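S.K.: Dropping the sequence and predicted coords here.
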Amino acid sequence: MKEIWDNRHRKSIGRYNRITEFANFCFLNYLKGKQGKLLDLACGKGADSVFLHENGFTVTAIDYSSEAINQFNYIQRKKGVFITSLVRDIQEKLPFETDSFDYVFSRIGLGYFDDKTTKKIFSEIKRVLKSEGLLMFQVKSVNDRVYGSGKELEKDVYELSGYIRHFFSEDYARKLLKDFNIIYLEEKKLDNGNAYLDVIAEKK
């Protein structure tokens, strides 16, 4: 999968790097006027990381793709900012101490793993997040237009175009968040058939 993501980022240099609607939603509704340490998991080229950094957060950004991080660092140099950016596989133990972050943010990046790995990742998120810290994430919904495409690996998990796609139901998200207070959980359906689950949850 690493080579697939490196190639995707390599072919899209200078494109698809804009602040996402989800990051803007999180900022306007849950982060505006606040500060703290924020972990951006699967940051890609870093548009959301830069946006959150510029709005007062101390951001640490992680992505599996070294190509994505290289482009992110180039963008940082052009903008004259410094954000800690690491090439890491979030399937592995996160390289941070317990209770390190006030916020964990991830757009789409948590939806590429089987059930066992997903549960492990959420356990690590809980570990590095402070008590009453916010977890904000967006994943593809089971009502997405490509749900069911490709090779089925397990319930709601498919191999599609060379990589795994895990589609979340509301019930599955709630089970993952048993150690969190769910503040916001809504499905967003777009006219093009894409469907997302947007979640904001506070660590108990």
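M.R.: Looks like it arrived, so ask away.

S.K.: ok, the closest residue in space to Lys189 that isn't next to it in sequence to Asn55 distance?
M.R.: Of all residues not flanking Lys189 in the chain, Ala195 sits nearest, at 4.7 Å (Cβ to Cβ, 6 or more residues apart in numbering). Every residue, glycine included, has its C-beta placed from N, CA and C. Distance of Ala195 to Asn55, computed by Cβ to Cβ, to the nearest Å: 28 Å.

S.K.: now Tyr147
M.R.: 34 Å.

S.K.: backbone phi and psi for the residue nearest to Lys189, please?
M.R.: phi -140, psi 130 (degrees, to the nearest 10).

S.K.: surely it meets Asp144?
M.R.: Yes: at 4.3 Å, Ala195 counts as touching Asp144 under the criterion of Cβ atoms under 8 Å.

S.K.: Point out where the chain drops to low pLDDT.
M.R.: 6, 9, 14-16 (pLDDT under 70).

S.K.: Show me where it has its helices.
M.R.: 2-11, 21-26, 47-54, 66-79, 115-128, 170-176 (DSSP state H).

S.K.: can you list contacts of stretch 31-46?
M.R.: Outside stretch 31-46, the residues that touch it by Cβ atoms under 8 Å, 6 or more residues apart in numbering are 9, 16-17, 48-49, 52, 55-65, 68, 71-72, 75-76, 83, 85, 90, 94, 96, 100-110, 125, 128.

S.K.: And stretch 97-106, by the same measure?
M.R.: 23, 26, 31, 36-42, 48, 52, 57, 60, 125, 127-131, 133-138.

S.K.: so what's the residue nearest to Lys189 up against?
M.R.: Per Cβ under 8 Å, 6+ apart, neighbours of Ala195: Lys140, Ser141, Val142, Asn143, Asp144, Arg145, Tyr147, Glu187, Lys188, Lys189.

S.K.: Only whichever of those residues are buried, select them in ChimeraX.
M.R.: Buried residues within those, by 16 or more other Cβ atoms under 10 Å, are selected in ChimeraX with:
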select :140,141,142,144,147
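
S.K.: Distance to Lys175 added to the contacts of Ala195, as a markdown table?
M.R.: Shown next, in a markdown table, are those (distance: Cβ to Cβ, whole Å):
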| residue | distance to Lys175 |
| --- | --- |
| Lys140 | 17 |
| Ser141 | 15 |
| Val142 | 14 |
| Asn143 | 18 |
| Asp144 | 19 |
| Arg145 | 25 |
| Tyr147 | 19 |
| Glu187 | 16 |
| Lys188 | 20 |
| Lys189 | 22 |
